[in-house]
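Trainee: need a 3D model of the following:
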Amino acid sequence: MIRTYTRAIQHRVIKPCIWRWFGNAKASRLSDNSFRSAFPFRKDPEGFLQDFHETARFRFLFHPRNQKDFFLQLLTQSQPYEEILSDAQDVIAHQFDTLGSGKTFLGEKINWRKDFKSGKEWPLRPLTADEIIDAGNPSDIKLVWELNRFHQLWWLGKAYWVTHNEEYARTFGSLIEDWILENPPGQGPNWFGAMEVAFRASNWIAGYYFFCESKSLSNDFWHRFLKSLNVHGLFIENHLEYSKRNGNHLLSDIVGLLLLGVFFRSTSYGQRWLAWSVRALQEEMENQVSPDGVDYEKSIGYNRLVLELLYTASIVCKKEKIPLAESFENRLERMFEFTLAYTRPDGSAPNVGDADNGRLFRFSAHEDFNNHRSALSVGAILFQRADCRDAAGSFYQDAVWLFGAEGFEKHQMLKGEVAPAGSRAFRDGGFYIMRSGDAHVFIDAGDLGMRGRGGHGHNDTFSFELWCDGAPLIVDSGTFVYTADIQTRNEFRSTPAHNTLMVDGTELAEFSTLWAIRADETHPRVLTWSTGTDRDALEAEHYAYLALPSRITHRRRIELVKSPFSFLIADTLDGSGSHLAENYLHFAPGISLEVSSSQKAIARKGNAEYIVTVSAGDLSVIETWFSGSYGVREKNKTLKLTRAALLPSEVRIQIDRRSSG
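Mentor: Below you'll find the model as predicted:
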């Protein structure tokens with residue numbers, strides 16, 4: 001603990017202060033000659049760039065030689081040719097659809113520091129965390145950061161490769177030139193956190209490999225580009241996001257510095273970045289990912305991001321012949337198994353914990369962030385897993401760029417019988433999955449996240465999502481926004497926003513910041529877990545309500561009867577006295593819901609009806625919000641069960657399906 005605290009102080013306080021005093025000015029004054037002197041290359045500008053390209057051209061996931069007919073054929077099979085060109089044309093026209101904004105024109109000149117939804121523009125100077133969050137004002141720094149991650153370079157690069165139209169290269173150059181001019185090192189929101197710098201650097205490196213052989217970009221441009229990337233690496237190195245509980249931010253820093261280390265491997269600082277990041281990568285895998293492959297932030301959206309960061313690093317290390325520990329690779333494979341288990345038959349993922357649509361590489365502007373099958377396509381090749389290939393359903397664009405034509409050949413050669421996906425317990429991670437032929441239940445029976453800090457976890461102990469008959473039936477409410485609306489942010493992560501039970505209006509944990517709780521007192525304990533051909537059952541209890549005067553324990557039993565479908569929730573409250581107990585069941589948007597009596601309700605979805613019966617209390621329907629993607633929300637209906645419970649007390653909720661013809 002002392003070591004962790006000391007490391008956090010060093011990297012979050014001391015090093016950034018030194019950088020602010022000396023680093024920004026030094027980076028701004030770096031001359032071309034000084035920059036080139038760090039490399040063992042010819043010192044004249046043209047010779048330097050030729051030597052750099054010769055040594056760096058095969059160091060990334062793809063390279064200019066990939067511009068071959070078969071590779072481009074794979075690309076256009078994974079994304080329609082017309083869509084590739086349309087994405088790139090939108091970038092040329094400065095039109096972006098960012099985090100639910102809808103396609104928006106950002107002007108003839110992009111303002112890189114402006115939240116174009118609210119109009120808030122951050123100043124060009126070093127900023128504090130309070131200034132970035134801008135509490136009380138309807139601004140969202142994530143809109144700024146998402147644009148400045150430069151995912152759009154992939155969309156330009158793909159169009160350039162399939163058309164060889166130099167307009168795409170010139171647009172790449174103009175965007176980079178404008179960004180460098182408008183965002184001097186250390187100034188403004190785009191130099192606030194190392195994670196954002198790491199994401200931008202990673203996508204800029206991809207841009208290099210798309211456009212490095214273009215005749216439309218001058219030597220002067222490439223010098224400015226490479227110098228800025230060098231500054232990106234120095235900034236990350238001096239602003240590593242260590243904390244009491246390290247999370248996806250530090251992993252992003254590590255992977256960004258790893259890619260920069262590989263890119264600048266000819267220099268002493270590149271070798272330093274690479275050596276450190278390889279060590280840190282393996283250390284954080286042990287710290288942040290449970291042995292059964294679950295990211296400890298307890299968010300499915302962030303689990304996807306962490307998986308992408310880790311498998312990208314693993315693939316780059318393999319390409320560079322940098323060994324990673326067997327334990328790292330084993331745990332990475334377990335992460336794919338977890339993804340395989342939570343992926344539902346329609347390809348969708350549960351909406352559990354925070355979700356901000358985060359990706360290291362956003363290969364397409366049309367990506368469905370709630371479909372993680374593209375990750376399974378990567379896992380199929382990386383670990384020769386036929387089950388991942390079958391669940392993915394196709395060779396995704398992610399695999400095209402990470403593995404190329406060779407990856408496609410490996411994908412096609414995967415053999416072996418694949419058994420139907422079954423129910424799984426991820427005991428270390430705290431998630432349990434029940435499956436039948438037409439039902440998928442995802443249950444959270446673990447801590448609230450980050451071993452007591454909360455992080456991107458919600459107040460969702462014993463909550464679940466129920467998918468059946470081809471679509472979600474009962475859903476998690478989602479995330480919607482972070483800083484843009486703090487009250488709404490807390491409502492979406494609150495106990496009533498989840499399919500669980502609340503006692504006396506008391507939250508499972510008190511919120512302390514937008515991404516932290518004061519303490520996690522749930523300490524959930526699984527009592528029984530069983531799975532069979534006819535029925536799955538989970539019983540667990542948590543202790544968040546021991547802090548109440550009556551010292552209440554909540555025990556929940558969940559059963560899935562597979563044929564005919566029936567779903568049971570039994571909640572037991574142990575303690576004393578009379579208490580208000582409230583159960584919530586959030587139904588997916590588009591599902592009609594009506595209460596036919598105080599203890600019976602009917603949900604209708606397509607041609608199916610679901611009868612909900614309860615053993616005690618009064619049912620009512622309330623209007624709520626569901627957010628399936630960051631920045632987007634829509635109305636849905638929630639069934640609320642209210643009762644005055646004299647403890648000890650039990651209530652049973654049963655959901656049965658009947659066909660309406």
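
Trainee: for the stretch 251-400 of the chain, which segments count as strands?
Mentor: Counting by DSSP state E, counting those that start in this stretch, the stretch 251-400 of the chain forms no strands at all.

Trainee: and the top strand by length along the chain, what does it pack against?
Mentor: Longest strand of the chain, by residue count under DSSP state E: strand 632-646. In terms of contacts (3 or more C-beta pairs under 8 Å, 6 or more residues apart in numbering; DSSP states H and E), strand 632-646 is packed against strand 578-586, strand 592-597, strand 618-629, strand 649-659. To be clear about C-beta, it is placed using only N, CA and C from the backbone, and glycine gets the same treatment.

Trainee: tabulate these in TSV, adding columns for mean pLDDT and distance to S566.
Mentor: Formatted as TSV, the helices and strands packed on strand 632-646 follow (pLDDT from 0 to 100; distance: least, C-beta to C-beta, whole Å):
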stretch	mean pLDDT	distance to S566
strand 578-586	98	15
strand 592-597	95	19
strand 618-629	98	18
strand 649-659	93	5
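
Trainee: now the longest strand of the chain against strand 592-597, angle please.
Mentor: 20 degrees (axes from the mean of the first three to the mean of the last three C-alpha atoms, to 10 degrees).

Trainee: still on that earlier bit, just the helices and strands packed on strand 632-646: most buried one?
Mentor: strand 578-586 (a mean of 20; mean count of other C-beta atoms under 10 Å).

Trainee: continuing past the least confident helix or strand in the chain by mean pLDDT, what's the next helix or strand?
Mentor: Every helix and strand of the chain was ranked by mean pLDDT, DSSP states H and E. The lowest is helix 2-9, at a mean of 66. The first helix or strand that comes after helix 2-9 along the chain, using DSSP states H and E, is helix 15-18.

Trainee: and L527, helix, strand or coil?
Mentor: With DSSP: H, G, I helix; E, B strand; the rest coil as the basis, the three-state label of L527 is strand.

Trainee: pLDDT of the longest strand of the chain, averaged?
Mentor: Strand 632-646 shows a mean pLDDT of 97.

Trainee: parallel or antiparallel, list what pairs with that strand.
Mentor: Neighbouring strands of strand 632-646 in its sheet, by DSSP bridges, are strand 578-586 (antiparallel), strand 618-629 (antiparallel).

Trainee: those: which one's closest to L124?
Mentor: With C-beta to C-beta, the closest approach to L124 among the strands paired with strand 632-646 belongs to strand 618-629: 31.0 Å.

Trainee: now do that closest one: distance to the chain's middle.
Mentor: For strand 618-629, the separation from the chain centroid amounts to 24 Å (computed by C-alpha atoms, centre = their mean, to the nearest Å).

Trainee: include distance to D504 when you put the helices and strands packed on strand 632-646 into a markdown table, please.
Mentor: Below are the helices and strands packed on strand 632-646 laid out as a markdown table (distance: least, C-beta to C-beta, whole Å):
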| stretch | distance to D504 |
| --- | --- |
| strand 578-586 | 5 |
| strand 592-597 | 24 |
| strand 618-629 | 17 |
| strand 649-659 | 13 |
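
Trainee: N24 is nearest to which of those strands?
Mentor: For N24, the closest of the helices and strands packed on strand 632-646 is strand 618-629, at 36.1 Å, according to C-beta to C-beta.

Trainee: ok, residues contacting the closest one?
Mentor: 100, 351, 355, 357, 369-370, 475, 477-480, 492, 497, 586, 588-589, 593-595, 597-601, 612, 633-643 (C-beta atoms under 8 Å, 6 or more residues apart in numbering).

Trainee: if any of these are buried, give me the PyMOL selection for them.
Mentor: Listed next is the PyMOL selection for buried residues among the contacts of strand 618-629, using 16 or more other C-beta atoms under 10 Å:
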select buried, resi 100+351+355+357+369+370+475+477+478+479+480+492+497+586+588+593+595+599+601+612+633+636+637+638+639+640+641+643
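
Trainee: would a markdown table of the strands paired with strand 632-646 with distance to A88 be doable?
Mentor: Converted to a markdown table, the strands paired with strand 632-646 look like this (distance: least, C-beta to C-beta, whole Å):
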| stretch | distance to A88 |
| --- | --- |
| strand 578-586 | 39 |
| strand 618-629 | 23 |
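
Trainee: among those strands, single out whichever gets nearest to E333.
Mentor: E333 sits nearest to strand 618-629 of all the strands paired with strand 632-646, at 28.7 Å, using C-beta to C-beta.

Trainee: now do that closest one and strand 649-659, the angle between them.
Mentor: Angle of strand 618-629 versus strand 649-659, following the same axes, to 10 degrees, is 70 degrees.

Trainee: just the CA trace of strand 618-629, in CSV.
Mentor: In CSV, the C-alpha atoms belonging to strand 618-629 read as follows (Å, rounded to 0.1, in the frame of the first residue of the first chain):
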residue,chain,number,x,y,z
ASP,A,618,-48.0,-3.8,-4.8
LEU,A,619,-46.9,-3.5,-8.4
SER,A,620,-46.8,-0.3,-10.4
VAL,A,621,-45.3,0.9,-13.7
ILE,A,622,-43.0,3.9,-13.8
GLU,A,623,-41.4,5.8,-16.7
THR,A,624,-37.7,5.6,-16.7
TRP,A,625,-34.7,6.1,-19.1
PHE,A,626,-32.5,3.6,-20.9
SER,A,627,-29.2,4.4,-22.4
GLY,A,628,-27.7,1.9,-24.8
SER,A,629,-24.9,4.1,-25.9
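
Trainee: the closest residue to L259 other than its chain neighbours and T528: what is the separation?
Mentor: Distances taken as C-beta to C-beta, 6 or more residues apart in numbering place S202 nearest to L259, at 5.2 Å, with adjacent residues excluded. S202 sits 45 Å away from T528, going by C-beta to C-beta, to the nearest Å.
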